[in-house]
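Participant: show me the folded form of this:
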Amino acid sequence: MRTTPDDSGLPDSVASSTLGQSYRTGDCYVVGREKVREFARAVQDDHPVHHCERTAVDRGYGGLVAPLTFVSVPALLAQLEMFDRVVQGCDFSRITQTDYSLTVGRPILVGDSLRFEVELDGLRKAFGGTLFAIKCSVVDQYGDRIISPHARHSSAGRRRISPRRE
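Facilitator: Prediction:
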């Protein structure tokens with residue numbers, strides 16, 4: 001398997017064959033009450049709909065509401081799983097997220113069963129590394145898209161920079 005001249009570690013065939021491919025996770029992520037509370041504490045979101053079921057119901061929800069960024073960790077795991085299956089042969093041990101945005105259709109509620117559909121939306125080799133654009137659709141147990149995270153990642157190339165000698 002050849003690598004590109006910029007030594008990004010990305011095989012030549014990957015750019016043309018994987019762009020636009022999608023991957024759907026096999027397992028679903030069931031949103032639990034304590035996970036919502038734990039995540040809200042971790043991100044210091046003290047809004048009562050994340051902690052008190054009675055308040056969430058009084059405000060028109062069926063239960064606790066997850067903070068907006070609740071899907072960021074399982075979405076990242078789904079993206080890494082997609083890389084393992086679709087973009088094989090690349091070293092992603094040094095990956096950096098450079099951009100992240102969410103499009104929200106409805107709030108995530110306790111009891112939702114989430115699946116992640118991940119698509120490699122853009123790919124560019126530059127500066128000895130690889131830039132990836134990833135679209136993700138988070139769908140509920142009814143197949144309705146509820147949140148769409150979009151992320152960009154940068155993967156460092158295999159080159160090592162030698163220390164400067166004086």
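
Participant: going forward, measure contacts and count neighbours with C-alpha atoms only.
Facilitator: Fine.

Participant: can you list the weak-confidence ranges in this protein?
Facilitator: 1-20, 87-92, 157-166 (pLDDT under 70).

Participant: repeat that for 80
Facilitator: By pLDDT under 80, the weakly predicted segments of the chain are 1-23, 83-95, 127-129, 155-166.

Participant: select the longest strand from it.
Facilitator: strand 113-126 (DSSP state E).

Participant: show me what the next helix or strand after it is packed against.
Facilitator: Next along the chain after strand 113-126, taking DSSP states H and E as the criterion, comes strand 129-139. Applying 3 or more C-alpha pairs under 8 Å, 6 or more residues apart in numbering; DSSP states H and E, one finds that strand 129-139 contacts strand 113-126, strand 145-155.

Participant: so where do the strands sit in the protein?
Facilitator: Chain-ordered strands for the chain, with DSSP E as the definition, fall at 22-24, 29-30, 95-104, 113-126, 129-139, 145-155.

Participant: quick one: closest of those strands to residue 86.
Facilitator: strand 22-24 (7.8 Å; C-alpha to C-alpha).

Participant: residues in contact with the closest one?
Facilitator: For strand 22-24, contacts defined as C-alpha atoms under 8 Å, 6 or more residues apart in numbering pick out 82, 86, 115, 116, 117, 118, 119, 120.

Participant: how about these, which pair is most distant?
Facilitator: So, those by C-alpha to C-alpha: farthest apart are 86 and 115, at 17.7 Å.

Participant: more neighbours: those two, which one.
Facilitator: residue 115 (23 against 18; other C-alpha atoms under 10 Å).

Participant: distance check, residue 136 against residue 21.
Facilitator: 12 Å (C-alpha to C-alpha, to the nearest Å).

Participant: shared neighbours, the two?
Facilitator: residue 119.

Participant: so the two - more neighbours on which side?
Facilitator: Per other C-alpha under 10 Å, whichever of residue 136 and residue 21 has more neighbours is residue 136, with 24 against 13.

Participant: neighbours around the closest residue in space to the more buried one that isn't next to it in sequence, how many?
Facilitator: In space, and not counting its chain neighbours, residue 136 is closest to residue 118: 4.4 Å by C-alpha to C-alpha, 6 or more residues apart in numbering. For residue 118, the count of nearby residues is 28 (other C-alpha under 10 Å).

Participant: identify the residues contacting residue 118.
Facilitator: 22, 23, 24, 78, 79, 82, 134, 135, 136, 137.

Participant: can you rerun that using 10 Å?
Facilitator: For residue 118, the contact set (C-alpha atoms under 10 Å, 6 or more residues apart in numbering) comprises 20-25, 75-76, 78-83, 134-138, 148-150.
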